[in-house]
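[1] Please work out how this folds:
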Amino acid sequence: MKTRLASQTQEAGVLPVALSHARTAYDFEFVAPRLHDRQLLDSSVAVRVFRAPLLAVPVGGRRRGGYMDAGPVEVALAIRDALSEVPGFPNVRIRLVSPPGERNNWVVEWGERLPFRITDSDRARFYGGADQCIAEAEAAAERRAVPKRHSPATTPCGH
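    Model prediction:
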């Protein structure tokens, strides 16, 4: 599969998408230590639309879904079409993520759909984050939590 990916280029309209070995992705060294199941890197691919190849990690193990920021819809469609041919990227789809009135920004998603209401630590777990990433998300949530206020009637004396 790796030799097939090294030369696979798919034309979607006029946008060429090249898939290559995962280690050629600019963000490989950033993403790799943050994955719970690093064996997924063996079936990951680098996706290059313009100049910078970025890592796409398949689903498996703890990882239930994935996504890649694409920008314009033409880019999103080209990436979607390229990833739909690669094992480990089920249910490849695009989704508009920009608020109404702003420039359109699309993402390419694969695997299960992210639940609507989800905590940061559950999000890290959904995307296959390593244990330290989940712990960091939980710690950040605790720091953001507003301390509970007590009425004067329930506050112990002297406090």
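
[2] Please enumerate the helices of the protein.
    Assigned by DSSP state H, the chain shows helices spanning 2-7, 28-31, 73-83, 120-126, 131-144.

[3] Can you tell me which of those is nearest to residue 101?
    helix 73-83 (16.5 Å; C-beta to C-beta). Where C-beta positions appear, they are placed from N, C-alpha and C, glycine not excepted.

[4] Show me what counts as buried in the closest one.
    Across helix 73-83, burial judged by 16 or more other C-beta atoms under 10 Å covers 75, 76, 77, 78, 79, 80, 81, 82, 83.

[5] Next one, pLDDT for the second one please.
    Think residue 76. On pLDDT, residue 76 comes in at 95.

[6] same thing with the fifth one?
    Per-residue pLDDT puts residue 79 at 97.

[7] for the buried residues of helix 73-83, which one is nearest residue 62?
    Among the buried residues of helix 73-83, and counting by C-beta to C-beta, the member closest to residue 62 is residue 83, at 20.2 Å.

[8] Would you mind measuring from the closest one to residue 51?
    19 Å (C-beta to C-beta, to the nearest Å).

[9] And residue 16, by the same measure?
    12 Å.

[10] hang on, the earlier thing: let me know the closest of the buried residues of helix 73-83 to residue 39.
    residue 83 (19.1 Å).

[11] can you pull the contacts of the nearest residue to that closest one once chain neighbours are set aside?
    Leaving aside its chain neighbours, residue 83 sits nearest to residue 89 (4.5 Å; criterion: C-beta to C-beta, 6 or more residues apart in numbering). Residue 89 makes contact with 56, 58, 59, 66, 83, 110, 111, according to C-beta atoms under 8 Å, 6 or more residues apart in numbering.

[12] and of the buried residues of helix 73-83, the nearest to residue 34?
    Once C-beta to C-beta is applied, the member of the buried residues of helix 73-83 that ends up nearest residue 34 is residue 83, at 20.3 Å.

[13] Surely that closest one touches residue 47?
    Yes. Assessed by C-beta atoms under 8 Å, residue 83 is found in contact with residue 47 at 7.2 Å.

[14] one step back: looking at the helices of the chain, which is nearest to residue 99?
    helix 73-83 (15.9 Å).
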